[in-house]
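Q: quick one: sequence plus predicted model below, questions after.
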Amino acid sequence: MSAHAMPRLKETYRTRIVPELMKKFAYANPMMVPRLTKIVITMSVNETRDNIKAMDAAADELAAITGQKPQLRRAKKAISNFKLRKGLPIALRVTLRNERMYEFLDRLVFIALPKIRDFKGISSKAFDGRGNYNLGLAEQYIFPETNIEKSEHVRGMNITFVTTAKTDGEARELLASLGLPFAK
């Protein structure tokens, strides 16, 4: 990507979505229109306690999907029922902002989600009451950046869309206009 090229979804947000939302919700100022501030992707790596190399493979996959090196997350406390010791690496997290965030959202909406078999849209019940949305994916193979032959395990991920919306209705309207296919 060249230094001056703006992501397609960001351009669409500025030119089309902001005026639509201003009209729909009667905002007095364009700065009042909700916007997407960040996308946080977390991936649990359960097989780490048996095979520490699994964390490296998962980190490579998540880095390929997001275009950013993931942060290692460790267990905060020991839980014997899950064979979990304090300090054991258990998950990966990536926080995307600005251009990378819009590019990831573009690939998610137009490439990855349509690959899901029998896909009828995402649930509109996963809002948290403060304008943020959580989306759970069962496998990482829907992204074209992952190599199925090289990967050993199917890993799910949680994707959190953090917005500046005050209500879930405003956030739903924003995410739907950005292209997220909500189920009817």
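A: In hand now; what should we look at?

Q: buried residues in whatever helix or strand residue 23 lives in?
A: Element membership of residue 23 [criterion: DSSP states H and E] is helix 18-25. Of the residues in helix 18-25, 18, 21, 25 count as buried by neighbour count, 16 or more other C-beta atoms under 10 Å. Where you see a C-beta, it was placed from the backbone N, CA and C, and this is true even at glycine.

Q: helices or strands up against the helix or strand of the chain with the lowest mean pLDDT?
A: Lowest on mean pLDDT, DSSP states H and E among the helices and strands of the chain sits strand 71-74, with a mean of 79. Using 3 or more C-beta pairs under 8 Å, 6 or more residues apart in numbering; DSSP states H and E, the elements in contact with strand 71-74 are strand 89-96.

Q: how much space between residue 141 and residue 35?
A: 31 Å (C-beta to C-beta, to the nearest Å).

Q: same thing with residue 65?
A: Residue 65 is 23 Å from residue 35, where distance means C-beta to C-beta.

Q: of the two, who's got more company?
A: Neighbours per residue (other C-beta atoms under 10 Å) separate residue 65 from residue 35, with residue 65 holding more: 23 against 16.

Q: now for the most centrally placed residue in the chain: which residues touch it?
A: Centroid-nearest residue in the chain: residue 159, 3.2 Å away (criterion: C-alpha atoms, centre = their mean). By C-beta atoms under 8 Å, 6 or more residues apart in numbering, the contact list for residue 159 reads 39-41, 108, 134-137.

Q: okay, and which of the residues you listed map to strands?
A: Using DSSP state E, the members of the contacts of residue 159 that fall in strands are 39-41, 134-137.

Q: so where's the protein uncertain?
A: Along the chain, the model assigns pLDDT under 70 to residues 1-4, 48-50, 80-84, 149, 151.

Q: show me which helix runs longest in it.
A: Using DSSP state H, we find that the single longest helix of the chain is helix 53-66.

Q: next, the angle from that one to strand 89-96.
A: With axes from the mean of the first three to the mean of the last three C-alpha atoms, to 10 degrees applied, the angle from helix 53-66 to strand 89-96 works out at 10 degrees.

Q: one step back: off-centre distance for the helix holding residue 23?
A: 25 Å (C-alpha atoms, centre = their mean, to the nearest Å).

Q: ends of stretch 40-55, how far apart?
A: By C-alpha to C-alpha, to the nearest Å, the extent of stretch 40-55 from end to end equals 18 Å.

Q: tell me the buried residues in that stretch?
A: 40-43, 45, 47-49, 54-55.
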